[in-house]
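Student: no FASTA, just this:
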């Protein structure tokens, strides 16, 4: 049987599985098996795994998974891409969801883990400075394939509108609605503009002006499918507003991966982690006010050459910083360090992990029914 590393995430095809594992070389990707927590196959998957990676919020939210893996002797790794320890200190922004992720709580929960996969170097430094775990492994996002090339350049042809897209998480939506959306409306008073909005309730935005066409795309959990749909709409600019947060410096600029994949110029808030990117910048940065966002968009409309220059920098940045080389190295070392279990060990693991994981599965299914 091919040895594999089990990755347990909240959802099977979400952005985290896509950004951090789909781009591995094919010979390593076949050693990765992704299952969502609560899946009916989780006990069997854990029993046969060479190692298990617990994703993001799963350190506390995945029931008895980590404890079962430890009891069954499955080497455990944790993956993190946000400073959840700081999020726990900002309940006014992120709610009480991250309250368990204090430094002491994370340090205690990670005892017995073989390592921590960390998505950014600032986040690695935080783990080191706070002694949260002795073995930290660099594991940034991996560049996604180009889904739409810009061979025709950036000059508009015929009556084609300038297309702006928003593709962001919930914490960006208020800023988009109050700052970026009015800037796009103002832009549309001077030239044809089409705004493509992904996953946002149409009723959450004021009615567009007569000059602006808004296309609402339904929420799509599958990361690859969502990017493909954006690429199909021939986006020129991808807007990505970011509210202030102490967590921002610890994030990755993976929005650049999205922009490169769909053939768009990224326009971002002038905040960490974007304000410290390489020079010349692989993005256009804005202050979080309507005038700044309007000026940036208008500048790109007027200057196709600037669009081409920025997009070239985006591609170069992604290829250098999100190449997947450190990820491949990390997975190779994990596979070398942990052999696949034999038949008897798999059977023993199944006996140990089966009942508690079955209880977890029942809880997950009950919550789904209540929703």
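Tutor: Yep, it's here. These numbers were taken from a predicted model, which means no experiment stands behind them. Residues are numbered from 1 along each chain as shown.
Student: let me see the ranges of the strands in the stretch 101-250 of the chain.
Tutor: Secondary structure of the stretch 101-250 of the chain (DSSP state E, counting those that start in this stretch): strands at 115-118, 136-138, 162-166, 193-198, 212-217, 237-240.
Student: now swap in the stretch 251-371 of the chain and tell me
Tutor: Using DSSP E, counting those that start in this stretch, strands in the stretch 251-371 of the chain cover 265-269, 284-286.
Student: got those as a markdown table, with distance to residue 120 and mean pLDDT columns?
Tutor: Any C-beta I mention is one placed from the backbone N, CA and C, and that applies to glycine too. Output for the strands of the stretch 251-371 of the chain, formatted as a markdown table (distance: least, CB to CB, whole Å; pLDDT from 0 to 100):
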| stretch | distance to residue 120 | mean pLDDT |
| --- | --- | --- |
| strand 265-269 | 16 | 97 |
| strand 284-286 | 19 | 97 |
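Student: can you say which of these is packed in most?
Tutor: Sort the strands of the stretch 251-371 of the chain by mean neighbour count, taking mean count of other CB atoms under 10 Å, and strand 265-269 sits at the top with a mean of 25.
Student: pull the distance from it to the chain's centre.
Tutor: When distances are taken as CA atoms, centre = their mean, to the nearest Å, strand 265-269 is centred 16 Å away from the chain's centroid.
Student: coming back round to it: between the strands of the stretch 251-371 of the chain, which gets nearest to residue 335?
Tutor: Of all the strands of the stretch 251-371 of the chain, strand 265-269 sits nearest to residue 335, with 34.6 Å by CB to CB.
Student: please verify my assumption that residue 179 contacts residue 243.
Tutor: No. Residue 179 lies out of contact with residue 243 (CB atoms under 8 Å); the separation is 9.9 Å.
Student: neighbour count for those two, which is higher?
Tutor: More crowded of residue 179 and residue 243, by other CB atoms under 10 Å: residue 179, with 22 against 15.
Student: that one and residue 239, how far apart?
Tutor: 10 Å (CB to CB, to the nearest Å).
Student: one more: residue 277?
Tutor: As defined by CB to CB, residue 277 lies at a distance of 17 Å from residue 239.
Student: so which of those two has more stuff around it?
Tutor: A count of neighbours by other CB under 10 Å puts residue 239 above the other of residue 277 and residue 239, at 31 against 18.
Student: what's the pLDDT at that one?
Tutor: pLDDT, residue 239: 97.
Student: next up, the contacts around it.
Tutor: 164-166, 176, 180, 184, 267, 293, 297 (CB atoms under 8 Å, 6 or more residues apart in numbering).
Student: Throw those residues into a markdown table and include distance to residue 16, thanks.
Tutor: Listed next are these as a markdown table, based on distance: CB to CB, whole Å:
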| residue | distance to residue 16 |
| --- | --- |
| 164 | 26 |
| 165 | 21 |
| 166 | 20 |
| 176 | 22 |
| 180 | 25 |
| 184 | 29 |
| 267 | 24 |
| 293 | 28 |
| 297 | 30 |
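Student: which of those residues sit farthest apart?
Tutor: The widest separation within those (CB to CB) is 14.0 Å, between 165 and 293.
Student: on that earlier part again, can you say which of the strands of the stretch 251-371 of the chain is nearest to residue 201?
Tutor: strand 265-269 (22.4 Å).
Student: can you state the direction angle for that closest one and strand 162-166?
Tutor: Relative orientation of strand 265-269 and strand 162-166, computed by axes from the mean of the first three to the mean of the last three CA atoms, to 10 degrees: 50 degrees.
Student: good, we can wrap up now.
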